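> give me coordinates for this.
(2 chains)
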Amino acid sequence: AQSVTQLGSHVSVSEGALVLLRCNYSSSVPPYLFWYVQYPNQGLQLLLKYTSAATLVKGINGFEAEFKKSETSFHLTKPSAHMSDAAEYFCAVRPAGSARQLTFGSGTQLTVLP
Amino acid sequence: EAQVTQNPRYLITVTGKKLTVTCSQNMNHEYMSWYRQDPGLGLRQIYYSMNVEVTDKGDVPEGYKVSRKEKRNFPLILESPSPNQTSLYFCASREGVGNEQFFGPGTRLTVL
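Residues are numbered from 1 along each chain as shown, chains lettered A, B, ... in the order given. Below is the predicted model:
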């Protein structure tokens, strides 16, 4: 079985500051890992994914995440926050090669302060 | 435009009145799934389908049914809705095991 833990249900940063959203996973087999963003009243949009290639993954809107097997982590970062980054962010895992759909974390609400 | 559509987007109903939420994708994807989103719980998978006539339970299937008679459609059926099924529902589809999952816009269901 797989699971995802997102540390911090709410994170606030100042505009221009570093964004760090934490995600730890557990999986009995090598995982595929994903970060999704959800803007208010909208569906989920894929930010980036890790599927066993490069461990540092770059996504859209300047976000990136690094897969660290030893720490079972897949933290999401962005060097400089923008007001438009305010949204809810979800980390998700699926065992590699599995037909099952994603297992999601509980989400982190990002607030960007002016 | 490649997309997943859901209907209705908003629905208020009463306990016990059967309802169906439709989901359709135009990308010829094999895999489709339904999730519900509740505050503090993230998204939880209800059912998924690997192809026509192939479905399986997710993490929270109780009170729901699905069918996959055509590749593009994956309706979610609530035979006897209850207030604890008040939630935001998302349909999603993807092509293969490692590929991106595309989400529909969501259906906000309220059961009184």
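
> buried residues in stretch A:36-48?
Going by neighbour count (16 or more other Cβ atoms under 10 Å in any protein chain shown), the buried part of stretch A:36-48 is A:Tyr36, A:Val37, A:Gln38, A:Gly43, A:Leu44, A:Leu46, A:Leu47, A:Leu48. Heads up, the C-betas are built off the backbone N, CA and C, glycines and all.

> I'd like these as TSV, with distance to chain B, secondary structure and pLDDT appended.
What follows is the buried residues of stretch A:36-48, written out as TSV (distance: Cβ to the nearest Cβ, whole Å; DSSP: H, G, I helix; E, B strand; the rest coil; pLDDT from 0 to 100):
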residue	distance to chain B	secondary structure	pLDDT
A:Tyr36	8	strand	95
A:Val37	11	strand	95
A:Gln38	8	strand	93
A:Gly43	4	coil	85
A:Leu44	4	strand	90
A:Leu46	5	strand	91
A:Leu47	11	strand	94
A:Leu48	10	strand	93
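
> farthest-apart pair in those residues, please.
A:Gly43 and A:Leu48 (17.0 Å; Cβ to Cβ).

> would you list the buried residues of stretch A:36-48 in CSV and tack on distance to B:Asp56?
CSV is the format used below for these (distance: Cβ to Cβ, whole Å):
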residue, distance to B:Asp56
A:Tyr36, 22
A:Val37, 28
A:Gln38, 25
A:Gly43, 23
A:Leu44, 21
A:Leu46, 23
A:Leu47, 27
A:Leu48, 28
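
> so what are the sheet partners of the helix or strand of chain A with the lowest mean pLDDT and their directions?
Here the helix or strand of chain A ranked lowest by mean pLDDT, DSSP states H and E is strand A:103-104, holding a mean of 88. Sheet pairing of strand A:103-104 (DSSP bridges) gives strand A:87-95 (antiparallel).

> list the buried residues in the partner strand.
Quick answer for strand A:87-95 (16+ other Cβ under 10 Å): A:Ala87, A:Glu88, A:Tyr89, A:Phe90, A:Cys91, A:Ala92, A:Val93, A:Arg94, A:Pro95.

> ditto for stretch B:87-107
Buried residues in stretch B:87-107 (16+ other Cβ under 10 Å): B:87-94, B:97-98, B:100-107.

> poorly predicted segments of the chain, please.
Using chain A. Where chain A drops to pLDDT under 70, the residues are A:97-101.

> chain B was what I was after
B:97-98.

> tell me the buried residues in the lengthiest strand in chain B?
As assigned by DSSP state E, the longest strand anywhere in chain B is strand B:42-51. Neighbour counts over strand B:42-51 (16+ other Cβ under 10 Å) mark B:Gly42, B:Leu43, B:Arg44, B:Gln45, B:Ile46, B:Tyr47, B:Tyr48, B:Ser49, B:Met50 as buried.

> restrict these to those near chain A?
Residues of the buried residues of strand B:42-51 in contact with chain A (Cβ under 8 Å from any Cβ of the partner chain): B:Gly42, B:Leu43, B:Arg44, B:Gln45, B:Tyr48, B:Met50.

> how near is the third one to A:Leu102?
In this case it means B:Arg44. B:Arg44 is 10 Å from A:Leu102, where distance means Cβ to Cβ, to the nearest Å.

> right, I'll call it a day here.
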